[in-house]
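Peer 1: Have a look; sequence and predicted model below, questions after that.
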Amino acid sequence: MQISATANFAADPARVYALQTDRAFLEDVCRAGGAVSYDVEIDGNRTKLSRSMPSPEIARKIVGDTITVVETYVWGAASSDGSRTADLQVDVPGTPGHLNGTAEISPTASGSQIHVSGDLVVKIPLLGKKLEQAAAPALTAGVEVQEKVARNHLS
């Protein structure tokens with residue numbers, strides 16, 4: 001299942017990239033996104049967020065009350081206009097679910113935006129498509145949470 005989401009920021013791409021690699025910002029994103037526990041790792045241009053979240057109702061019988069989602073971004077170098085692209089991998093340990101995609105920071109007239117897109121796959125016969133449909137809104141909501149949290153960090 002293809003998913004995509006866009007967040008807008010009142011800052012240039014360099015500042016938005018700095019947020020994407022800032023521990024305090026990423027921890028605030030985890031908390032604001034409803035994580036019951038989380039771990040943030042930053043290594044240069046690579047960030048890894050591991051969050052335990054309440055499971056969607058449809059998945060609770062399979063994974064329990066919480067589900068762990070691990071997002072890894074590996075950011076490339078900035079282009080002349082400040083834009084950057086990251087390879088994005090989202091894994092759900094212990095399940096056959098994952099997302100392979102990209103995140104792109106690009107300039108806009110009012111600052112910049114991040115566009116996240118990828119292919120969400122849950123390989124479970126009969127339930128896979130339903131689980132993908134249940135998980136997709138949570139993944140796109142994560143981009144919206146970044147936009148909201150960034151307003152506080154950028155002001």
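Peer 2: Arrived safely. Numbers count the residues shown, from 1 in each chain.
Peer 1: can we go C-alpha only for contacts and neighbour counts from here?
Peer 2: Noted.
Peer 1: From start to finish, how long is stretch 17-33 in a straight line?
Peer 2: 20 Å (Cα to Cα, to the nearest Å).
Peer 1: contact partners of it?
Peer 2: 38-42, 44-47, 49, 51, 84, 105, 142, 145-146, 149-150, 153 (Cα atoms under 8 Å, 6 or more residues apart in numbering).
Peer 1: now this structure, which segments are flagged as low pLDDT?
Peer 2: Low-confidence segments of the chain, defined by pLDDT under 70: 58-59, 124-138.
Peer 1: Let's see that with 80 instead.
Peer 2: Applying pLDDT under 80 to the chain picks out residues 55-64, 94-97, 122-141.
Peer 1: Tell me which stretches of it form strands.
Peer 2: 2-9, 37-43, 46-54, 66-75, 84-92, 97-108, 111-122 (DSSP state E).
Peer 1: residues of stretch 78-94 that come out buried?
Peer 2: By neighbour count with 16 or more other Cα atoms under 10 Å, stretch 78-94 contains the buried residues Gly82, Ser83, Arg84, Thr85, Ala86, Asp87, Leu88, Gln89, Val90, Asp91, Val92.
Peer 1: Just the C-alphas of stretch 42-56, formatted as CSV.
Peer 2: The C-alpha trace of stretch 42-56 is given here as CSV (Å, rounded to 0.1, in the frame of the first residue of the first chain):
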residue,chain,number,x,y,z
ILE,A,42,21.5,9.9,16.2
ASP,A,43,24.7,9.1,14.4
GLY,A,44,25.6,12.0,12.0
ASN,A,45,23.1,11.9,9.2
ARG,A,46,21.4,8.7,10.5
THR,A,47,18.5,8.8,13.0
LYS,A,48,16.7,5.9,14.5
LEU,A,49,13.5,6.2,16.5
SER,A,50,12.2,3.1,18.3
ARG,A,51,8.7,3.8,19.8
SER,A,52,6.3,1.5,21.6
MET,A,53,2.8,2.7,20.8
PRO,A,54,-0.7,1.5,21.6
SER,A,55,-1.7,-1.2,19.0
PRO,A,56,-4.5,-0.5,16.6
